[in-house]
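Student: coords below, sequence missing:
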């Protein structure tokens, strides 16, 4: 998949995230309206921050003076992508656990957040592979 397609998915899922977060205001079990708005803002911020963090990491792959610098920096980026993938899996498990085991079903409105995380990791992976070769 190309960078443009990933960014198109990011935009589409961002709109879906906004719609789901607006629905969370209506269907949330929280008592106060302020807590509902905070949850909506948190869902949107996490989606964009997690995508942006991993998309920014791949920008660090700039032309270097020698091969050692190039492979050292790309190795660090690969480490962040692997760590991010593990964190993504843990986030999905915890999200589903809280939703079904504990009974906090309003957490399901944040189901798009891990998807933004995955798109950021995938975009970074595509950029690093393009840079290496």
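Tutor: Done, it's in. Keep in mind that what you see is a predicted model, and the values were worked out from it rather than measured.

Student: show me what contacts residue 48?
Tutor: Going by CB atoms under 8 Å, 6 or more residues apart in numbering, residue 48 touches 14, 116. For every residue, glycine as well, the C-beta is placed using N, CA and C.

Student: can you tell me the SS state at it?
Tutor: With DSSP: H, G, I helix; E, B strand; the rest coil as the basis, residue 48 sits in helix.

Student: against residue 131, how distant is it?
Tutor: According to CB to CB, to the nearest Å, residue 48 stands 24 Å off from residue 131.

Student: okay, the most centrally placed residue in the chain: pLDDT?
Tutor: Nearest to the mean C-alpha position of the chain, by CA atoms, centre = their mean, lies residue 117 at 1.7 Å. Looking at residue 117, its pLDDT reads 87.

Student: kindly report the same for residue 61.
Tutor: 58.

Student: give me the below-cutoff pLDDT ranges for the chain.
Tutor: Applying pLDDT under 70 to the chain picks out residues 59-63, 133.

Student: what segments of it are strands?
Tutor: Here the chain has no strands by DSSP state E.

Student: which helix is the longest one in it?
Tutor: The residue-count maximum for a helix in the chain (DSSP state H) belongs to helix 67-97.

Student: ok now that one, how far from the chain's centre?
Tutor: From the chain centre to the centre of helix 67-97 is a distance of 12 Å (CA atoms, centre = their mean, to the nearest Å).

Student: count of residues packed around residue 112?
Tutor: The number of residues packed near residue 112 is 21, by other CB atoms under 10 Å.

Student: actually, residue 122.
Tutor: Count around residue 122 with other CB under 10 Å applied: 20.

Student: where's it relative to residue 76, distance?
Tutor: 18 Å.

Student: again with residue 118
Tutor: Noted for residue 118: a distance of 20 Å to residue 76, by CB to CB.

Student: in terms of neighbours, single out the busier of those two.
Tutor: Per other CB under 10 Å, whichever of residue 118 and residue 76 has more neighbours is residue 118, with 21 against 12.

Student: burial measure for the residue nearest to the more buried one when sequence neighbours are not counted, as a count.
Tutor: Spatial nearest neighbour of residue 118, excluding adjacent residues (CB to CB, 6 or more residues apart in numbering): residue 88 at 5.8 Å. Residues contacting residue 88 under the criterion other CB under 10 Å number 19.

Student: sounds good, over and out.
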